[in-house]
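Have a look at this prediction, sequence included:
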Amino acid sequence: MQISMSAPDLTSADVAAVNQVLQTPMLSIGPQIEAFENAIAAYVGAPFAAGVNSGTSALHLAAIAAGAQENALVLTSPFSFVSSSNVLLYERAIPIFIDVEPRTGNIDPMRVAECAHDLTHGNSVAAKWLPPTLRNQHSKIGALKSILPVHAFGQPADMDSLNETARIHQLTVVEDACEALGAQYKGRQAGTLGDAAAFAFYPNKQITTGEGGMLVTKHAEWANLFRSLRNQGRDVFDAWLNHTRLGYNYRLDEMSAALGVSQMQRLDELLAKRARVAAWYNERLADQELLEIPYLAPTTTRMSWFVYVIRIKPPAQRERVMRALEQVNIPSRPYFTPIHLQPFYREKFGYQSGDFPVTEYLGAVSLALPFSSVMTQAQVDFVCENLLRVVNETPRA
C-alpha cells in the first residue's frame with residue numbers, strides 16, 4: 001500500500017483557478033491577492049489581512065510590528081518549528097523560551113506570567129529566564145516587548161491567560177497560527193486572539209498555496225506596515241521605485257493567491273475531512289499502554305488538525321518504531337526537535353539538555369503519523385495495524 005506522509009487536497013477547480021491567472025498579464029500584485037486576503041479576513045473575523053510568500057515571512061513582519069528589535073525580549077515556545085524563533089533573531093531580538101504544558105505542548109501560561117513578572121521587575125531571579133550566555137551581560141538585555149505563543153499542531157494556546165499577562169505588563173501578542181487555520185479557542189477563531197497572527201499554506205497545511213502565508217490583525221497601522229514591508233518598504237503614497245523604509249521581497253504571487261482563493265471555498269470541508277481521519281486514528285489507537293493519542297484541552301472548541309502526533313511511551317522506543325514502520329513503507333517523523341537544542345541555538349545561547357524538560361520529553365517521544373485530508377480508512381487501518389504490532393512487540397520488564 002502506498003502511503004505518503006502528507007498530501008495536498010487539490011481539485012480541478014484549483015487547477016482552473018491557477019490556469020486562469022496564467023492567461024492574464026497580471027502575475028503579481030493583482031486582484032487575486034486582494035481576494036485571498038478578503039477571504040481569510042472574512043473567515044477568521046479579522047479587520048485586516050496581508051498576504052505574503054510564507055508563514056515565516058508573516059511571522060517576521062508580525063515580530064517587527066510587535067516591537068522585536070535589537071536586544072528586545074520576546075517570550076516564546078521552544079517546542080515549535082524553528083522559524084518561530086528565527087524570525088526574532090532576524091531582528092537581533094532575544095527569544096526567551098518558556099517550557100510548555102505536558103498535555104498540549106503549548107506554552108505554559110503560568111510560567112509566562114512568572115517570567116514576565118520577574119523580567120519587568122528586574123528582581124534577583126530574573127536572570128534565570130535569560131539564555132545562559134547572556135545572564136551576565138546586562139548591556140545586551142533590552143526590555144520585554146512581546147509574547148509569541150505557538151498553537152502547536154493546530155490547537156490554540158491558552159490565550160486568555162496569556163493576554164492577561166500581556167495586559168498587566170503592556171506587551172504585544174503575536175499568535176503563531178501557522179498550524180491552526182480554522183481552530184477555535186472558547187468559540188473564538190485562532191488569529192483573532194492577539195494583536196496579530198500568522199498563517200501558513202505549505203502543502204501539508206489545512207489549505208495550500210504551494211508556498212505562502214497570511215497576516216491578520218486588528219490594527220490598521222500594522223496592516224499598512226505589513227503591506228509596505230512585504231513590498232520592499234514601498235508605502236501607499238510612494239511613487240514607483242520610491243521606498244519609505246527598509247523592506248523585503250515577501251510578495252505572494254497571483255497564481256498562489258488564486259489557488260488560495262479556490263481552496264478557501266472548501267476550507268470547512270477540508271477541516272472536516274482532516275477531523276474524520278484524526279477520529280479514525282483516535283478510535284484505533286485509544287487505550288494503549290505504550291501509546292498516547294492527542295489531548296484536546298477544554299478551551300479548544302475546534303481543533304484544526306494539522307498533523308496527527310502520538311507519543312511513544314517507554315519502554316517502547318520511538319526510533320525503533322520508526323525503523324519498523326519504514327520497513328513496510330509507512331513514513332513517520334519526530335515532532336518537534338526542541339529549538340533550544342538545535343546546533344545554532346546551543347552555540348549562540350549556551351543551552352543544554354535539561355534546560356526545558358517538558359519540551360525535551362515531548363521532543364523525545366512525539367511521533368507524527370501519515371496524515372492528510374485525502375487519507376482513506378484503509379490507509380489508516382494499515383498504519384495502525386503495523387504501529388500496534390511493532391509497539392506490542394516491546395519487551396516488558
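It's in. Residues are numbered from 1 along each chain as shown.

Number of residues surrounding E289?
E289: 11 surrounding residues under other C-beta atoms under 10 Å. The way it works is simple: take the backbone N, C-alpha and C, and place the C-beta from them, glycine included.

cool, K273 as well?
By other C-beta under 10 Å, the residues close to K273 number 18.

May I ask which helix or strand encompasses it?
Counting by DSSP states H and E, the element that carries K273 is helix 267-285.

That helix: which residues count as buried?
Neighbour-count burial for helix 267-285, counted by 16 or more other C-beta atoms under 10 Å, picks out 267, 270-271, 273-275, 277-278, 280-281, 284-285.

Then stretch 89-96?
Buried, per 16+ other C-beta under 10 Å, within stretch 89-96: 91, 93-96.

chain center to that stretch, what's the gap?
Stretch 89-96 sits 18 Å away from the centroid of its parent chain (C-alpha atoms, centre = their mean, to the nearest Å).

what pairs with the helix or strand just after the helix holding K273, and is each one parallel or antiparallel?
Downstream of helix 267-285, the first helix or strand assigned by DSSP H and E is strand 291-292. If you go by DSSP bridges, strand 291-292 pairs up with strand 308-312 (antiparallel).

how much does the partner strand deviate in direction from helix 267-285?
Between the axes of strand 308-312 and helix 267-285, defined by axes from the mean of the first three to the mean of the last three C-alpha atoms, to 10 degrees, the angle is 20 degrees.

mind checking how far strand 308-312 is from the chain centre?
Computed by C-alpha atoms, centre = their mean, the chain-centroid distance of strand 308-312 equals 17 Å.

can you list the residues that contact that strand?
153, 277-278, 281, 285, 290-294, 318, 321, 335, 362, 365-369, 371, 391 (C-beta atoms under 8 Å, 6 or more residues apart in numbering).

show me where the chain has helices.
In the chain, the helices defined using DSSP state H lie at 12-22, 31-44, 55-65, 83-90, 109-121, 159-169, 220-229, 254-264, 267-285, 318-327, 343-349, 357-365, 377-392.

closest to W305 out of those helices?
helix 267-285 (4.1 Å; C-beta to C-beta).

Would you mind getting the angle between that closest one and helix 31-44?
Computed by the same axes, to 10 degrees, the angle separating helix 267-285 from helix 31-44 equals 60 degrees.

Alpha carbons only: can I get helix 267-285 in CSV?
In CSV, the C-alpha atoms belonging to helix 267-285 read as follows (Å, rounded to 0.1, in the frame of the first residue of the first chain):
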residue,chain,number,x,y,z
LEU,A,267,-12.0,25.1,4.0
ASP,A,268,-14.7,23.8,6.2
GLU,A,269,-14.9,20.6,4.1
LEU,A,270,-11.1,20.2,4.3
LEU,A,271,-11.2,20.7,8.1
ALA,A,272,-14.0,18.1,8.4
LYS,A,273,-12.1,15.6,6.3
ARG,A,274,-9.0,16.0,8.4
ALA,A,275,-11.1,15.7,11.6
ARG,A,276,-12.5,12.4,10.2
VAL,A,277,-9.0,11.0,9.6
ALA,A,278,-8.0,12.0,13.1
ALA,A,279,-11.1,10.3,14.5
TRP,A,280,-10.2,7.1,12.7
TYR,A,281,-6.7,7.2,14.3
ASN,A,282,-8.2,8.0,17.7
GLU,A,283,-10.6,5.0,17.6
ARG,A,284,-7.9,2.6,16.7
LEU,A,285,-5.1,3.9,19.0
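
what angle separates it from helix 254-264?
60 degrees.

Show me how far helix 267-285 is from its chain's centre.
Relative to the chain's own centre, helix 267-285 is displaced by 19 Å; criterion: C-alpha atoms, centre = their mean.

List the contacts of that helix.
By C-beta under 8 Å, 6+ apart, the residues outside helix 267-285 that reach it are 9, 43, 181-182, 206-207, 263, 291, 293-294, 302-305, 308, 310, 369, 371-375, 377, 380-381, 383-384, 387-388.
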